[in-house]
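>>> no sequence for this one, just the structure:
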């Protein structure tokens with residue numbers, strides 16, 4: 001029996017923006033999903049299921065956002081992922097042949113990648129029958145995961161609250177999508193980008209959300225100042241609990257400069273044969289227009305300068321991950337002991353919050369590190385234990401009442417990341433479209449014409465997709481800026497065209513069918529929510 005002095009709550013935010021182009025295979029942005037499945041979701045499912053089979057008790061919290069759930073459930077995306085794997089297996093076979101007599105280290109790694117992608121194909125297609133959501137649901141049903149929800153399209157609420165209907169719809173359909181896939185109500189929510197404004201609380205309460213997570217300063221700068229800092233949740237005056245991110249525990253696994261991912265024994269993320277090899281050789285495996293992109297086949301480790309790196313050693317990387325798991329456990333124990341000095345007998349909680357894609361995609365060894373950390377905490381000590389925010393609330397019901405500070409986990413903890421002055425005019429469109437949507441919902445609240453109802457629902461979808469926070473964040477990121485700006489303009493144009501057609505009672509059914517096919521998300525959405 002453990003003599004627990006405090007708790008570690010690992011909270012992984014699992015999100016990708018809705019990218020769906022059934023019309024062609026030319027959009028490399030769809031590869032974000034396929035990379036995440038192979039490098040993050042499948043490895044985490046594998047290790048979590050291994051822990052269940054090994055009878056290791058653990059509790060991890062994961063958000064699974066509605067856009068990601070809709071993509072994982074999309075048959076076209078499932079078929080495209082299979083083709084993605086088949087193409088990678090073909091490239092691995094070519095690499096095995098190319099390096100057979102010239103480079104033993106590259107040949108060994110090529111064989112490793114061949115086995116890994118082949119196993120991904122077998123697990124995804126034959127074992128899981130292309131369905132990953134039931135795997136996460138199983139892990140929740142057996143008591144290992146606490147899955148929480150997020151805003152319907154990952155809308156950044158601090159920039160939407162000028163029209164509170166935006167907030168309500170984002171929260172309502174975050175809850176509804178969760179119930180659709182998991183057969184229960186979510187206890188918690190990850191507000192997109194950890195963006196908090198007080199206006200969200202009444203809708204969290206309305207849709208029976210018990211807690212949300214925020215950046216550390218959202219709790220630290222609460223009024224009054226919380227007695228236990230971020231080592232205990234607080235509760236808002238409306239009765240919603242708030243957990244603050246523990247930055248110290250997060251940066252160890254987040255930072256590639258001061259944290260574990262920057263260790264010289266780990267795989268180098270940026271060196272990839274998609275950039276390194278002869279253009280004609282690699283051309284069939286990059287973009288249709290010939291732009292070089294990552295293939296996922298990487299032969300080097302984090303070492304020296306970019307053009308003078310050592311080869312990646314799988315065994316050495318795993319041994320390093322084991323060392324780092326031990327180090328993280330010891331630092332967590334030390335932090336809990338220090339926190340105990342002023343929590344006055346109430347076991348403190350360390351809330352470590354990260355993007356799930358850190359594990360495996362950005363930090364290739366991350367899923368294995370997490371697997372080893374869970375085993376070490378279970379077997380090798382008795383001072384800390386894993387807990388989810390929901391379980392902590394069940395155990396410790398007396399919380400300090402505080403008003404959280406407006407916050408986000410963007411640069412500087414403010415909203416600036418989503419409000420670049422160069423693109424501020426986009427928010428004028430957001431506001432106008434939200435007002436128009438409310439007018440449509442009021443005018444056609446008793447509508448019975450099926451075609452018009454479809455068009456009204458699609459208008460609501462286009463508005464929600466325009467609110468996706470990723471597009472505004474990515475306007476500051478050169479490599480994805482063009483696609484993000486294209487998506488913003490596309491949703492504005494589709495909404496306005498439908499709006500005019502509805503207003504003039506001249507709906508182009510072929511146009512409507514086309515965008516229903518492309519923007520096939522939130523199919524249970526009812527536009528009347530905007531009344």
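All right, it came through fine. This is a predicted model, so every value here is computed, not measured.
>>> which residue, other than its chain neighbours, is closest to residue 470?
By the measure of Cβ to Cβ, 6 or more residues apart in numbering, the closest residue to residue 470 outside its immediate chain neighbours is residue 17, 4.0 Å from it. Yep, even glycine has a C-beta here, placed from its N, CA and C like the rest.
>>> and the one you found, that one's in a helix?
No - secondary structure of residue 17 (DSSP: H, G, I helix; E, B strand; the rest coil): coil, not part of a helix.
>>> I'd say it and residue 150 touch.
No - counting by Cβ atoms under 8 Å, no contact exists between residue 17 and residue 150, whose distance comes to 11.8 Å.
>>> which one's more surrounded, the two?
Counted by other Cβ atoms under 10 Å, residue 17 and residue 150 do not tie: residue 150 has more neighbours, with 29 against 24.
>>> what's across from that one in the sheet?
residue 190 (DSSP bridges).
>>> tell me the contacts of it?
Residues in contact with residue 150 (Cβ atoms under 8 Å, 6 or more residues apart in numbering) are 13, 15, 63, 64, 65, 66, 174, 189, 190, 191, 192.
>>> what is the neighbour count of the fifth one?
Yep, that's residue 65 we're talking about. Residue 65 - counted by other Cβ under 10 Å - has 26 other residues nearby.
>>> quick check on it: phi, psi?
phi -80, psi 150 (degrees, to the nearest 10).
>>> and the gap between it and residue 13?
8 Å (Cβ to Cβ, to the nearest Å).
>>> which residues are common contacts for these two?
Joint contacts of residue 65 and residue 13 (Cβ under 8 Å, 6+ apart) are 150, 190.
>>> any idea of the pLDDT on the closest residue to residue 402 other than its chain neighbours?
Computed as Cβ to Cβ, 6+ apart, the closest residue to residue 402 that is not its neighbour in sequence is residue 222, at 3.8 Å. At residue 222, the predicted lDDT confidence score is 96.
>>> repeat for residue 478
Predicted confidence (pLDDT) for residue 478: 62.
>>> before we move on, what about residue 427?
79.
>>> count of neighbours near it?
15.
>>> that one sits in which helix or strand?
Using DSSP states H and E, the element containing residue 427 is helix 426-443.
>>> flag every buried residue along that helix.
426, 429, 430, 433, 434, 436, 437, 440, 441 (16 or more other Cβ atoms under 10 Å).
>>> now do stretch 115-131
Buried residues in stretch 115-131 (16+ other Cβ under 10 Å): 116, 117, 118, 120, 121, 124.
>>> adding secondary structure, write those residues out as JSON lines.
Converted to JSON lines, those look like this (three-state DSSP):
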{"residue": "116", "secondary structure": "helix"}
{"residue": "117", "secondary structure": "helix"}
{"residue": "118", "secondary structure": "helix"}
{"residue": "120", "secondary structure": "helix"}
{"residue": "121", "secondary structure": "helix"}
{"residue": "124", "secondary structure": "helix"}
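>>> so which of these is the closest to residue 363?
residue 116 (16.3 Å; Cβ to Cβ).
>>> residue 231 versus the nearest residue to that closest one once chain neighbours are set aside, what's the distance?
The shortest distance from residue 116 to any non-neighbouring residue, by Cβ to Cβ, 6+ apart, is to residue 38 (7.8 Å). Counting by Cβ to Cβ, the gap from residue 38 to residue 231 is 37 Å.
>>> pull the contacting residues for the closest residue to residue 362 other than its chain neighbours.
The shortest distance from residue 362 to any non-neighbouring residue, by Cβ to Cβ, 6+ apart, is to residue 269 (6.1 Å). Residue 269 makes contact with 298, 362, 364, according to Cβ under 8 Å, 6+ apart.
>>> can you pick the most crowded of the residues you listed?
residue 364 (25 neighbours).
>>> which helices and strands does whichever strand or helix holds residue 46 pack with?
In the assignment (DSSP H and E), residue 46 maps to helix 42-53. Secondary-structure packing of helix 42-53 (3 or more Cβ pairs under 8 Å, 6 or more residues apart in numbering; DSSP states H and E): helix 133-141, helix 366-379.
>>> can you redo those as CSV with mean pLDDT and distance to residue 343?
CSV is the format used below for these (pLDDT from 0 to 100; distance: least, Cβ to Cβ, whole Å):
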stretch, mean pLDDT, distance to residue 343
helix 133-141, 98, 29
helix 366-379, 98, 20
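>>> out of those helices, which comes closest to residue 454?
Per Cβ to Cβ, nearest to residue 454 of the helices and strands packed on helix 42-53: helix 133-141, 26.0 Å.
>>> list the buried residues in the closest one.
133, 135, 136, 137, 139, 140.
>>> show the pLDDT at the nearest residue to residue 349 once chain neighbours are set aside.
In this structure, residue 349 finds its nearest non-sequential neighbour in residue 7, 4.6 Å apart by Cβ to Cβ, 6+ apart. Turning to residue 7, the model gives it a pLDDT of 97.
>>> I'd assumed residue 7 was in a strand, is it?
Yes - Residue 7: assigned to a strand according to three-state DSSP.
>>> what backbone torsions are found at the residue of the chain most remote from its centre?
The centre of the chain is farthest from one residue, residue 101, which by Cα atoms, centre = their mean lies 41.6 Å away. Dihedral angles of residue 101 (phi, psi; degrees, to the nearest 10) stand at phi -110, psi 0.
>>> report pLDDT for it.
Residue 101 is given a pLDDT of 92.
>>> tell me the spacing between residue 17 and residue 155.
From residue 17 to residue 155 the distance is 11 Å (Cβ to Cβ).
>>> what touches both of the two?
With Cβ under 8 Å, 6+ apart as the test, residue 17 and residue 155 both reach residue 468.
>>> tell me who's in contact with the residue lying closest to residue 441 once chain neighbours are set aside.
Nearest residue to residue 441, sequence neighbours excluded (Cβ to Cβ, 6+ apart): residue 530, at 3.7 Å. By Cβ under 8 Å, 6+ apart, the contact set of residue 530 is 165, 169, 437, 438, 440, 441, 442, 460.
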